[in-house]
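K.L.:
Prediction below, plus the sequence it came from.
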Amino acid sequence: MMSDKNVTFILGSSRKKKNTFVFAKALKASYEKRGFSTDIFFSIDLYRGLTEPFIHAVNQSRMICILSPLYADYMPFHLVKVLELIEGQPNLDLQGRSVFGFNQCAFPFYRLNECSIKSMALFTRRMKMNWMGGLMYGGAGLMDAESLEEMGKKGRRMIQAFDLAVDGMVQNGIVPEKSQKLLAMNIPGFFKRPVMWMINHHVRKLEKEIGQALDAQAYR
Amino acid sequence: MDEVKVAILDSIGETKIDINFSEMINNISKHKEIDCTLIDLTRLNLLPCYGCEGCLKQTPGKCVMKDDTAQFMTPLAKSNIIIGITSVRYGGYSSDYKLVADKFALMGSPYYGMKDGKLLHRKRYRDYVGYYVVGLGTSLSNEETENFRLLVKRNAMNMCVDHWGCIFTDGEDQRHLAQEVLGKVMNDER
């Protein structure tokens, strides 16, 4: 039976303890401080077939949160597969559930996540669920933390963004626009070239360390 | 460019939907200057990309998974034009196609360059210049097709190709589809 206080998280990370999980922990904490209970599942564990605990958790939940990294400009394979499996699963009663989507990418340009977020919304509507809204973050490649709290002022802004989003979802089922503004990072255009130099310098350094050309044409 | 090499990544295959893509290949191959390779992805054993970075540090440019990645990557590395065939799911690629698209990162060098004001991976293989995707679906909404188009455009941008396009089909008129794909690929200026 569906409970108003249960939330199921579906994480599209291949690497379970990396950036998407760091964001998920902040979102989870925001729900839990409002008295919600949460369950986290990874699409990498579900793409060969949805498990009974997952089906049970979704059937119990009022809200579903989909969080994903960006792989080749979109959700990773296994998350798309899980959405397809959900669509084809007769034991899942999704009508009336509400969905939130979050996507993050390494580059500091959050709009690169647009296709993924839009697809999460299209999936939600196809399954006759309510789309509460989505958030995007660009710049996760610069993160090196186990939690957002460790990231100082920037991390606190991100926590605030998630908290505001959860508040909006719980109160009226909508993610407020301010959440995205808090998450957005604005990198001036002139900064791109120094970033390129810096990355290429690291690649050359790595090449020297491992003693192999990293731009080898391996499939020729 | 003397001879155009086309690699077709078919994620639909013969088993799911009765679409005879070999007809499309025949149509394309009728043009003497085209060398076409069809890769039936449904027959390959492919493991997902785990983001392990093995292709960066361990075996540069090569996926470390023990699967059939080389069977589609080898023709891709030699092609000028890549044509993908996928079902449209939620305004994006199907999981069957995304399994392969996740490995497009192998097409890029770890070195970055600036192109049209954008910071992008340099090409690992210099020859490919176009990326086109056939999206199969019935009664697709504008939202779905627009999102799909944006996804193909972003993929093309990150592959550093200037020519890209999408063709949507319900799979009914195969001859027309073949002509449309052929026309789009051959008419783009290169």
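P.N.:
Cool, the structure landed. Fair warning: this is a prediction, and the values are worked out from it, not measured in the lab. Numbers count the residues shown, from 1 in each chain, chains lettered A, B, ... in the order given.
K.L.:
Low-confidence regions, chain B specifically.
P.N.:
Applying pLDDT under 70 to chain B flags the ranges B:1-2, B:14-32, B:174-175, B:187-190.
K.L.:
measure the closest residue to B:Gly92 other than its chain neighbours to A:Tyr74 for me?
P.N.:
Excluding its sequence neighbours, the residue lying closest to B:Gly92 (C-beta to C-beta, 6 or more residues apart in numbering or on different chains) is A:Ser119, at 4.5 Å. Bear in mind the C-beta positions are built from the backbone N, C-alpha and C, glycine included. Distance, A:Ser119 to A:Tyr74, using C-beta to C-beta, to the nearest Å: 7 Å.
K.L.:
which residues are common contacts for those two?
P.N.:
Common contacts of A:Ser119 and A:Tyr74, defined by C-beta atoms under 8 Å, 6 or more residues apart in numbering or on different chains, comprise B:Gly92.
K.L.:
Which of the two has more residues huddled nearby?
P.N.:
Using other C-beta atoms under 10 Å in any protein chain shown as the criterion, A:Ser119 and A:Tyr74 rank with A:Ser119 on top: 29 against 24.
K.L.:
residues of the host helix or strand of that one that come out buried?
P.N.:
Assigned by DSSP states H and E, A:Ser119 belongs to helix A:114-126. Residues of helix A:114-126 classed as buried: A:Glu114, A:Cys115, A:Ser116, A:Ile117, A:Lys118, A:Ser119, A:Met120, A:Ala121, A:Leu122, A:Phe123, A:Thr124 (neighbour count, 16 or more other C-beta atoms under 10 Å in any protein chain shown).
K.L.:
Turn the residues you listed into CSV, including distance to B:Thr42 and pLDDT.
P.N.:
Putting the buried residues of helix A:114-126 into CSV (distance: C-beta to C-beta, whole Å; pLDDT from 0 to 100) gives the following:
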residue, distance to B:Thr42, pLDDT
A:Glu114, 30, 96
A:Cys115, 24, 97
A:Ser116, 25, 97
A:Ile117, 29, 98
A:Lys118, 27, 98
A:Ser119, 22, 98
A:Met120, 26, 98
A:Ala121, 29, 98
A:Leu122, 25, 98
A:Phe123, 23, 97
A:Thr124, 28, 97
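K.L.:
what's across from the nearest residue in space to A:Leu70 that is not next to it in sequence in the sheet?
P.N.:
Leaving aside its sequence neighbours, A:Leu70 sits nearest to A:Cys105 (C-beta to C-beta, 6+ apart; 3.8 Å). Beta-bridge partners for A:Cys105, by DSSP bridges, are A:Gly138.
K.L.:
A:Cys105: how many residues sit nearby?
P.N.:
A:Cys105, neighbours per other C-beta under 10 Å, totals 23.
K.L.:
try B:Thr59
P.N.:
The tally of other residues near B:Thr59 (other C-beta under 10 Å) stands at 13.
K.L.:
any chance you could map the strands in chain B?
P.N.:
For chain B, applying DSSP state E gives strands covering B:4-10, B:34-40, B:81-89, B:92-93, B:108-115, B:118-123, B:130-136, B:163-169.
K.L.:
packing partners for the fifth one?
P.N.:
This means strand B:108-115. Helices and strands touching strand B:108-115, by 3 or more C-beta pairs under 8 Å, 6 or more residues apart in numbering or on different chains; DSSP states H and E, are helix A:192-210, strand B:118-123.
K.L.:
follow-up on the earlier one: okay, the residue nearest to A:Leu70 and A:Asn113: tell me how far apart.
P.N.:
6 Å.
K.L.:
Please enumerate the helices of chain B.
P.N.:
B:13-16, B:21-29, B:54-57, B:69-78, B:95-101, B:142-158, B:174-187 (DSSP state H).
K.L.:
typo on my end, chain A
P.N.:
Using DSSP H, helices in chain A cover A:19-32, A:43-46, A:52-60, A:77-87, A:114-126, A:152-172, A:177-183, A:192-210.
K.L.:
Return the set of buried residues in the third one.
P.N.:
Pointing back at helix A:52-60 there. A:Phe54, A:Ala57, A:Val58, A:Asn59, A:Gln60.
K.L.:
Mind checking which residue lies nearest the centre of chain B?
P.N.:
B:Gly84 (3.6 Å; C-alpha atoms, centre = their mean).
K.L.:
rewinding a little: hey, what's in contact with both of A:Cys105 and A:Asn113?
P.N.:
A:Leu70, A:Tyr137, A:Gly138.
K.L.:
can you pull the contacts of the last one?
P.N.:
Read that as A:Gly138. So A:Gly138 contacts A:Gln104, A:Cys105, A:Phe107, A:Pro108, A:Phe109, A:Tyr110, A:Arg111, A:Leu112, A:Asn113, A:Ala184, A:Met185 (C-beta under 8 Å, 6+ apart).
K.L.:
Lovely, talk soon.
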